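Trainee: Sequence below, structure please.
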Amino acid sequence: MEHARRRHRGWGGALAASACLVVLSAAPAEAHAIVRATEPRIDAVVPQPPTEVVMEFNEPVEISFGSIRVFGTDGGRVDAGETEYVTGSPDAVQVPLEQNLPNGTYTVAWRIVSADGHPIGEAFVFHIGEPGQNPRGLVDQVLGGQGRAGPLESGLAAVGRWLHLASLLVLAGASLFLILVWSRILAPDETVQRGFADRWRRIVVISWIVALVTTVALYVLQGSLAADLPLVDALSPDVLTEVAETRFGIVSLIAVGLLLACAAIWPAVRGSLVTRRSVGAAAATVRPTTSVVAVGAVLVIALLATPGLSGHAGTTEPVSLNVAADVLHMVAAAMWMGGLLLLLAGAFPATRDLPEEARARTLAPVVARFSDLAVIAVAALVGSGLLRAWTEVRAWRALVDSSYGIALLVKLGAFLPILALGFINNRWMKPRIVRSVEQGVPLDAGAPLRSLRRLVRGEIALGVAVIAVTALLVNLPPARVEAGVEGPFSTEASLGEGMIHVMVDPNRVGMNEVHITPEQMGEEPMHFEEIRVLFRMPEEGIGPIPAEAELSGHGEYVVRGHQLSVPGEWVLEIVARMDEFDEVRTKVNVTVNP
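Mentor: This next block holds a predicted model:
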């Protein structure tokens, strides 16, 4: 009993730690789509009233739950129609404007959902004729009233992603373990086979229920987060219908269909799990029929494809290669981690009542076969993981310059001990158990099996943490985007007693715009008499190249020019004069792309 309590406390600790990690990371999803261009351009002064506002992004976007709204200085709406795609361009959207707009400053408030399901909304201004009255507070008024999906919805979505991913891996792992490991082993005791079959069915049913519940829950939560609505309001038929029009919603409905198909063939699977005696021998095995195995394998692999199709892999070129690598990664993880769970919660308990020597003879071929398959799974896991990591990172610096890269390093840090434990099991524990059985050497009252069980428990506990980090990665923008390897670079820095947001667009050699946006300090926005930027490239001895920032109509300072003329590491020193006597400085490191 004390041993069982220690075991449950160990599992509880691992689950609690992973749950804390998931919940603490449950911030609203950061944007994955980046604005490449607008027409009219941000803060541009156009001589004639435009007929429409066009926005181009770095990836396809979805306008279910999205819109572009345009406001005059008085706060009145001047957009004159529905937001729609530019013909033939899934990465560009537009909205028509009223005719003959008067001179002045106009605020564009927009909200879209990136192709992998993450909402983003911001605002910018343009001017007709000449800048009009500064629309102070209008942007906050337009955007601030929408934030109604709070920590509850974000936290539930984070935990849901974790449980959903874990349930799919267990469901697939259980199927693969039965097909590739247990059904290939002959056991002398039918009681062992029946015991394993009962536990296998229980694990599959529980994982299927968790997968179905989390799929439905995440569908509803996607409507809440994408539309920025409380969870209760997201249950409305209109919101649920709009989710069905998004990539995430379509893939979720496909997943529900696949899970229901699994339920439809479940009676055949359950009926096929009968103990079959080998010809001319007293040993028996549990072996499902070939047709059931084939159908089940197709459904399980299709289910493992759904997270990638609705996430990063489904939007990263080349899509087919990335989705294939993601599916291979999931299958390998299911074979390894799901197999470990079946070994611990299925094979070990099913043989518990056997004498130690008989138990060792029964489990030795199971351990040996699974260990050999796990080596193949690890090779596939590492290879596909490296490919997917490269497509989402693209540069070494992005590993430390982005939240995604740091989370990826944390995942690697948790994975390496699992790899070490797996190596010990394959190269030391497996040969020891197999050799002892083959040579008839006493097993010291089952000591090797107990050691193996402890190592397997450690692997699973670390695997739970890896799955939690993986669920976090789904919610982060790719490192190549966040670190500016692809598209504009943006960051925040302290300046004096406040903070500023800095964006370099397009962050490539040649003409760039450096946007410096002071954040609010209390109830008033930060204000400077003057801002200058000193461009330096220390490695090449370039600079300082001074440039004075222009104040736009809505409190943003902009530097335009060809200062960033060489690819590589640049330092932007921002010098802000508060008044006639006081100034503050800060530095921002930017890696300019070729």
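
Trainee: Show me how the protein divides into domains.
Mentor: 2-28+150-482, 35-144, 489-592 (automatic domain parsing).

Trainee: Turn these into TSV, including mean neighbour count.
Mentor: Every C-beta, even on glycine, is put in place using the N, C-alpha and C of the backbone. Listed next are the domains of the chain as TSV, based on neighbours: other C-beta atoms under 10 Å:
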stretch	mean neighbour count
domain 2-28+150-482	18
domain 35-144	17
domain 489-592	17
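
Trainee: I'd like these as a markdown table, with mean pLDDT appended.
Mentor: Shown next, in a markdown table, are the domains of the chain (pLDDT from 0 to 100):
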| stretch | mean pLDDT |
| --- | --- |
| domain 2-28+150-482 | 82 |
| domain 35-144 | 81 |
| domain 489-592 | 83 |
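
Trainee: what's the nearest residue to N103 once chain neighbours are set aside in contact with, if anything?
Mentor: Excluding the flanking residues, the one nearest N103 by C-beta to C-beta, 6 or more residues apart in numbering is G129, at 3.1 Å. G129 sits next to V45, P47, N103, G104 when contact means C-beta atoms under 8 Å, 6 or more residues apart in numbering.

Trainee: next one: N589
Mentor: E569, W570, V571, L572.

Trainee: Check these against L495 and report the nearest one.
Mentor: L572 (12.1 Å; C-beta to C-beta).

Trainee: hang on, the earlier thing: pick the one among the contacts of N589 closest to V54.
Mentor: L572 (29.6 Å).

Trainee: wait, is that closest one part of a strand?
Mentor: Yes - assessed with DSSP: H, G, I helix; E, B strand; the rest coil, L572 lies in a strand.

Trainee: That one contacts H515, doesn't it?
Mentor: No - with contact defined as C-beta atoms under 8 Å, L572 does not count as touching H515 (11.7 Å).

Trainee: Now the common contact residues for the two.
Mentor: By C-beta under 8 Å, 6+ apart, the residues touching both L572 and H515 are V502, V504.

Trainee: Which residue ranges of the stretch 351-500 of the chain form helices?
Mentor: All helices of the stretch 351-500 of the chain, identified by DSSP state H, counting those that start in this stretch, fall at 356-393, 403-424, 430-439, 447-474, 479-482.

Trainee: would JSON lines of these with distance to V239 be doable?
Mentor: Formatted as JSON lines, those follow (distance: least, C-beta to C-beta, whole Å):
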{"stretch": "helix 356-393", "distance to V239": "30"}
{"stretch": "helix 403-424", "distance to V239": "29"}
{"stretch": "helix 430-439", "distance to V239": "53"}
{"stretch": "helix 447-474", "distance to V239": "22"}
{"stretch": "helix 479-482", "distance to V239": "28"}
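
Trainee: now for those, which one comes closest to R247?
Mentor: Closest approach to R247 among the helices of the stretch 351-500 of the chain (C-beta to C-beta): helix 447-474, 13.7 Å.

Trainee: Report all helices and strands that the closest one contacts.
Mentor: helix 2-24, helix 151-180, helix 339-342, helix 356-393, helix 403-424, helix 430-439 (3 or more C-beta pairs under 8 Å, 6 or more residues apart in numbering; DSSP states H and E).

Trainee: what angle separates that helix from helix 356-393?
Mentor: Helix 447-474 runs at 20 degrees relative to helix 356-393, counting by axes from the mean of the first three to the mean of the last three C-alpha atoms, to 10 degrees.

Trainee: what's the distance between helix 447-474 and the middle of its chain?
Mentor: Distance of helix 447-474 from its chain centroid, counting by C-alpha atoms, centre = their mean, to the nearest Å, is 21 Å.

Trainee: Need the residues that contact stretch 419-439.
Mentor: Against stretch 419-439 from outside (C-beta under 8 Å, 6+ apart): 336, 360-361, 363-364, 367-368, 371-372, 374-375, 378, 441-443, 448-449, 451-452, 455-456, 458-459, 462.

Trainee: how does it look with 6 Å?
Mentor: Identification of contacts with stretch 419-439 by C-beta atoms under 6 Å, 6 or more residues apart in numbering yields A360, R361, A364, V367, A368, S371, L443, P448, L452, L455, G458, E459.

Trainee: In JSON lines, list those residues along with distance to G561.
Mentor: What follows is the contacts of stretch 419-439, written out as JSON lines (distance: C-beta to C-beta, whole Å):
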{"residue": "A360", "distance to G561": "75"}
{"residue": "R361", "distance to G561": "78"}
{"residue": "A364", "distance to G561": "72"}
{"residue": "V367", "distance to G561": "66"}
{"residue": "A368", "distance to G561": "67"}
{"residue": "S371", "distance to G561": "62"}
{"residue": "L443", "distance to G561": "76"}
{"residue": "P448", "distance to G561": "70"}
{"residue": "L452", "distance to G561": "65"}
{"residue": "L455", "distance to G561": "60"}
{"residue": "G458", "distance to G561": "57"}
{"residue": "E459", "distance to G561": "55"}
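
Trainee: ok, so of the residues you listed, who is nearest F57?
Mentor: E459 (41.6 Å).

Trainee: Chain neighbours aside, what residue packs nearest to V295?
Mentor: Of all residues not flanking V295 in the chain, I265 sits nearest, at 5.7 Å (C-beta to C-beta, 6+ apart).

Trainee: tell me what the helix or strand containing the one you found is packed against?
Mentor: In the assignment (DSSP states H and E), I265 maps to helix 247-272. If contacts are counted by 3 or more C-beta pairs under 6 Å, 6 or more residues apart in numbering; DSSP states H and E, helix 247-272 sits against helix 190-227, helix 290-310.

Trainee: Relative to the whole chain's centre, how far out is it?
Mentor: Using C-alpha atoms, centre = their mean, the offset of helix 247-272 from its chain centre is 23 Å.

Trainee: that older thread, closest to V504 among the contacts of stretch 419-439?
Mentor: E459 (44.1 Å).

Trainee: Could you double-check that the closest one lies in contact with L340?
Mentor: Yes - between E459 and L340 there is a contact at 5.5 Å, judged by C-beta atoms under 6 Å.

Trainee: what does stretch 327-347 rub up against?
Mentor: 169-170, 172-174, 176-177, 196, 199-200, 304-305, 366, 370, 374, 377, 380-381, 384-385, 456, 459-460, 463.

Trainee: Mind checking which residue lies nearest the centre of the chain?
Mentor: V474 (0.5 Å; C-alpha atoms, centre = their mean).

Trainee: Without its sequence neighbours, what residue ends up closest to it?
Mentor: G311 (5.3 Å).

Trainee: can you give me phi and psi for that neighbour?
Mentor: Main-chain dihedrals, G311, degrees, to the nearest 10: phi -120, psi -150.

Trainee: That one and S114 touch, don't they?
Mentor: No - using C-beta under 6 Å, G311 makes no contact with S114, being 10.7 Å away.

Trainee: before we move on, the earlier item: which ones among the contacts of G129 lie within helices?
Mentor: Applying DSSP state H to the contacts of G129, no entry is found in helices.

Trainee: of these, closest to V295?
Mentor: Lowest distance from V295 to the contacts of G129 (C-beta to C-beta) belongs to V45, with 64.2 Å.

Trainee: residues in contact with the closest one?
Mentor: Counting by C-beta under 6 Å, 6+ apart, V45 touches H127.

Trainee: Okay, and the beta partners of it?
Mentor: Note on V45: beta-bridge partners by DSSP bridges are H127.

Trainee: From V35, how far out is it?
Mentor: 19 Å (C-beta to C-beta, to the nearest Å).

Trainee: same question, P131
Mentor: For P131 relative to V35 (C-beta to C-beta), the value is 21 Å.

Trainee: Same check on V295?
Mentor: 46 Å.

Trainee: what do you get for M537?
Mentor: From M537 to V35 the distance is 27 Å (C-beta to C-beta).
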